[in-house]
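J.: sequence-free structure coming up:
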């Protein structure tokens, strides 16, 4: 891509330099006209694009086998020497200690119970009867009249007004076959009930007894009791503690010394032939696994960039000069005016990238 951009830039620079003095880079060109030379006509260019094959370069990755040296852990066998202690048994006469028993006299103390006679004071309870003067009370009843308020229910006659009852066809007499008169198939009761009174019926007044709670004061007999003290003499028995001296058997724990024989254990030296084990140091050779870091050459695949040339077609600008018709000769001014300028003033026109000189 960089090579393609570089080729395009070089091509544009070559076209710009071939234009000679006819190309300006945004500046103004001064007129070379003298006092006796007329101004030349202005020249313009037309741009067209043509296809052109160019060589460009692109980056491609290429995979190759490369030999490299790497470090790897390798397990190998290795001989080494070590020391061990091995037991060795031999017969040897030695003196050893053994336990033996023997009789040994000794003295000891024991506690024995011994009964002896002793005089001691013993507490006894003795009953004693005495005459004690006591005070008793007699209750004397006294009846007095007192007023109390009591409540009681009484029946009070009250006159109330009731609605007149409807006339009934019942004659008031009942019997076993009293209801048969109401059946339609009998002709005995064909006559209807008495004609009821005209509306409205006259009210009926009745006197009924109504219970009411009434409170009243009444005199009642109230009995009170009066305490009258009375002194008298009574026999009272009490128990008193009396200390009496008595001779009793008393057991005491008394230490007594005694002699005895016992068996004791003692250590005795005895000569015996025993197996004695000693440890002997022996050198041995063994094999063990050892891991070592070893440099190993391996072939690995790696990618490398490379530039590959290829042909491509690009658009290239081509500039063709277009000559304007020559104007009438006129004396040039300093600086020259039209036809170099189209602004209507005496200053030269501003040049561009591909515009030529106004006058030569």
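T.: Yes, it's here. This one's a predicted model, so the numbers in the text were calculated from it and none came from an experiment.
J.: can you tell me the closest non-neighbouring residue to residue 121?
T.: Beyond its immediate neighbours in the sequence, the residue positioned closest to residue 121 (C-beta to C-beta, 6 or more residues apart in numbering) is residue 243, lying 4.7 Å away. C-beta here means a position set from N, CA and C on the backbone, and glycine is covered the same way.
J.: the helix or strand encompassing the one you found pairs with which strands?
T.: Under the assignment given by DSSP states H and E, the secondary-structure element containing residue 243 is strand 204-323. Strand 204-323 has the following sheet partners, assigned by DSSP bridges: strand 43-162 (antiparallel).
J.: any low-confidence regions in this protein?
T.: Low-confidence regions of the chain, defined here as pLDDT under 70, cover residues 1-43, 163-202, 324-360.
J.: in the sheet, who's paired with the nearest residue to residue 255 once chain neighbours are set aside?
T.: What sits nearest to residue 255 in space, not counting adjacent residues and going by C-beta to C-beta, 6+ apart, is residue 109, at 5.0 Å. Note on residue 109: beta-bridge partners by DSSP bridges are residue 257.
J.: can I assume residue 109 is in contact with residue 256?
T.: Yes - with contacts counted by C-beta atoms under 8 Å, residue 109 reaches residue 256, the gap being 6.9 Å.
J.: which residues sit against stretch 245-253?
T.: By C-beta atoms under 8 Å, 6 or more residues apart in numbering, the surrounding residues in contact with stretch 245-253 are 111, 112, 113, 114, 115, 116, 117, 118, 119, 120, 121, 122.
J.: residue 58: neighbour count?
T.: The burial count assigned to residue 58 is 13, neighbours taken as other C-beta atoms under 10 Å.
J.: wait, it sits on residue 310?
T.: Yes - at 6.4 Å, residue 58 counts as touching residue 310 under the criterion of C-beta under 8 Å.
J.: OK, contacts around residue 77?
T.: Taking C-beta under 8 Å, 6+ apart as the contact definition, residue 77 lies against 287, 288, 289, 290.
J.: and which of these is nearest residue 91?
T.: For the contacts of residue 77, the residue nearest residue 91 by C-beta to C-beta is residue 287; the value is 37.6 Å.
J.: and the closest one, how many neighbours?
T.: Applying the criterion other C-beta under 10 Å, we find 9 residues in the vicinity of residue 287.
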